[in-house]
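Visitor: only geometry, no sequence info:
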């Protein structure tokens, strides 16, 4: 999915993903991963950090945030997701879906399904994230 900016290729190869939605969809720079537990969050974040160096990291009891900056973007680039991206790893055992949506409603929300072994590609989705139409959240 090109809408995930310069991190698209890295994200699409981590394994079993289920795209839940982008609720307001104005924030193309925030990608939220809902993981089963904190161990899963650490696995996904470690894998992505092994491919690219994060420029910032924030830890909370319920989620972690990594900030990635693309230093090779063109000065005429209009899509902010090609300049920098914020990846949020939420612990699904501590936060409900409603809490995650309330906190990070403007980004892309992706559910990471547990898979044994490594998170290196999968025949189910290949290198592309499944596209699901945008849902709007009722206020």
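Guide: Here it is on my side, so go on. The structure displayed is predicted, hence computed values, not measured ones.

Visitor: quick one: the helices in this protein?
Guide: Assigned by DSSP state H, the helices in the chain fall at 8-12, 38-51, 97-103.

Visitor: how many other residues sit next to residue 60?
Guide: 13 (other CB atoms under 10 Å). Every residue, glycine included, has its C-beta placed from N, CA and C.

Visitor: Identify the residue spatially nearest to the residue most central in space within the chain, adjacent ones excluded.
Guide: With distances taken as CA atoms, centre = their mean, residue 31 lies nearest the centre of the chain, 3.4 Å away. Counting by CB to CB, 6 or more residues apart in numbering, residue 108 is the residue found nearest to residue 31 once chain neighbours are left out, at 4.9 Å.

Visitor: just to revisit the earlier point, so which of the helices of the chain comes closest to residue 18?
Guide: Closest approach to residue 18 among the helices of the chain is made by helix 97-103 (12.1 Å; CB to CB).

Visitor: Could you check that closest one and say which residues are buried?
Guide: 100, 101 (16 or more other CB atoms under 10 Å).

Visitor: And it, how far out from the chain middle?
Guide: A distance of 15 Å separates the centroid of the chain from that of helix 97-103, by CA atoms, centre = their mean, to the nearest Å.
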